[in-house]
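1. Fold the stuff below for me.
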Amino acid sequence: MTTDEVSRAEGTPADTDDRYSGELFRCVLDMAEAARREDSTRWIQARCRTHRADDSAYLTSMLLGLMIESDALRQGVHPADAWQRIRRDGPTSLP
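-> The predicted structure follows:
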């Protein structure tokens, strides 16, 4: 089985390069900014610009994971401990 076939079988998008550039990435950043500012109208507008819900959800998850682990390392905490703390304490423990 090729890497692309494995990715598709696991339900993850196979077009890795596309997730990090172009309109999809801009949409995900706009959605994140709007959500952080609690601007649901702007979030919906950004969300409607792409019809690739699975890809945008996957990229959003990747960015959240990167943020969590980067913040943990910045604080001198092992990333595994940060994940455990967030699971235990919920979203209030996010940076």
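
2. going forward, measure contacts and count neighbours with C-alpha atoms only.
-> Will do.

3. Tell me the pLDDT of the residue nearest the centre of the chain.
-> In the chain, the residue lying closest to the centroid (CA atoms, centre = their mean) is residue 60, at 2.0 Å. Turning to residue 60, the model gives it a pLDDT of 91.

4. Quick one: classify it as helix, strand or coil.
-> helix (DSSP: H, G, I helix; E, B strand; the rest coil).

5. and the gap between the nearest residue to it once chain neighbours are set aside and residue 90?
-> Closest residue in space to residue 60, ignoring its immediate chain neighbours: residue 28 at 6.4 Å, by CA to CA, 6 or more residues apart in numbering. Residue 28 sits at a distance of 23 Å from residue 90 (criterion: CA to CA, to the nearest Å).

6. who's more crowded, these two?
-> residue 28 (23 against 10; other CA atoms under 10 Å).

7. where does the protein dip in pLDDT?
-> 1-21, 95 (pLDDT under 70).

8. Which residue ranges of it form helices?
-> 3-10, 16-19, 22-36, 40-48, 53-74, 79-89 (DSSP state H).

9. Please name the residues that touch residue 73.
-> Counting by CA atoms under 8 Å, 6 or more residues apart in numbering, residue 73 makes contact with residue 79.
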